[in-house]
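Undergrad: no sequence for this one, just the structure:
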């Protein structure tokens, strides 16, 4: 991995962490009768009984969360964007279970998957080659030898790398508003200026925050994704 590539990737992760920290410190009134539910800093996995969750080891000390929404037929693998875990697809995956066996992978670094410290020097483990290899190791552990890979945002890098390095595993690739962070990502620096438009009132509840995202960033974050990064108490 080139040094410039590593700086872009780790810089993006650091920026995402910084932005999350800003909003994790937001506080709302305690939940009570008639109050909407509050987010907690860990997604409520146990309250989602309709999916199977397992952890698969892809390296010493590195276990990845894998969600299985069921279905039959060819396997569809859902890969997430930066800052998300596989629960971001909880309200999405069931659209496809009549035609596919749908699973999702939470990449290393994002809970509840392992968060191994990158070795330094050189900084490795979060480069696109390793992340793509992690995905293939999950498929091997599940006995899957070919799949449709669907990726959002940063996972565009993984989709392309899997196609080049592991072509026998690929039936189709689906890019959902996906980007390639392996070389460069020009738009990311625009995000801090957009976040300056958020106000204290936007952080009162998960619903006001989601509305602000929709208004300012033209995207509505699913509840499982929001609750991974933000806390209201």
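TA: That came in fine, so what should we check first? Quantities reported herein were computed from a predicted structural model and do not represent experimental measurements.
Undergrad: May I have the phi/psi pair for the nearest residue to residue 199 once chain neighbours are set aside?
TA: The shortest distance from residue 199 to any non-neighbouring residue, by Cβ to Cβ, 6 or more residues apart in numbering, is to residue 212 (7.9 Å). Heads up, the C-betas are built off the backbone N, CA and C, glycines and all. Main-chain torsions, residue 212, degrees, to the nearest 10: phi -70, psi -40.
Undergrad: And residue 212, how far from residue 220?
TA: From residue 212 across to residue 220, the span is 10 Å (Cβ to Cβ, to the nearest Å).
Undergrad: Show me which helix or strand of this structure is least confident by mean pLDDT.
TA: helix 3-24 (a mean of 37; mean pLDDT, DSSP states H and E).
Undergrad: If you count contacts, what does the helix or strand just after that helix end up packed against?
TA: Going down the chain from helix 3-24, the next helix or strand is strand 52-59, by DSSP states H and E. On a contact count with 3 or more Cβ pairs under 8 Å, 6 or more residues apart in numbering; DSSP states H and E, strand 52-59 meets strand 62-70, helix 128-142.
Undergrad: So which bits of the longest one are buried?
TA: Which is helix 128-142. 128, 130-139, 142 (16 or more other Cβ atoms under 10 Å).
Undergrad: How about the shortest one?
TA: Within strand 62-70, the residues that count as buried by 16+ other Cβ under 10 Å are 62-69.
Undergrad: Residue 64 touches residue 106, doesn't it?
TA: Yes - the pair residue 64 / residue 106 is scored as a contact, 6.1 Å apart, by Cβ atoms under 8 Å.
Undergrad: Find residues that contact each of those two.
TA: Residues touching both residue 64 and residue 106 (Cβ atoms under 8 Å, 6 or more residues apart in numbering): residue 113.
Undergrad: residues touching the closest residue in space to residue 104 that isn't next to it in sequence, list them.
TA: Spatial nearest neighbour of residue 104, chain neighbours left out: residue 86 (3.3 Å); criterion: Cβ to Cβ, 6+ apart. The contact partners of residue 86, taken as Cβ under 8 Å, 6+ apart, are 65-67, 78, 80, 104-106.
Undergrad: residues making contact with stretch 91-103?
TA: Under the criterion Cβ under 8 Å, 6+ apart, residues 51, 66-78, 104, 142, 148, 222, 224 lie in contact with stretch 91-103.
Undergrad: please redo it, this time with the cut-off set to 10 Å
TA: 50-52, 54, 66-78, 86-87, 89, 104, 138-139, 142, 144, 147-148, 150, 152, 176, 222-224 (Cβ atoms under 10 Å, 6 or more residues apart in numbering).
Undergrad: mind checking the SS state of residue 76?
TA: Residue 76 carries the three-state label strand when classified by DSSP: H, G, I helix; E, B strand; the rest coil.
Undergrad: pLDDT score for the residue lying closest to it once chain neighbours are set aside?
TA: Take residue 76 and drop its neighbours on the chain: the residue closest to it by Cβ to Cβ, 6+ apart is residue 100, 3.9 Å away. Residue 100 carries a pLDDT value of 96.
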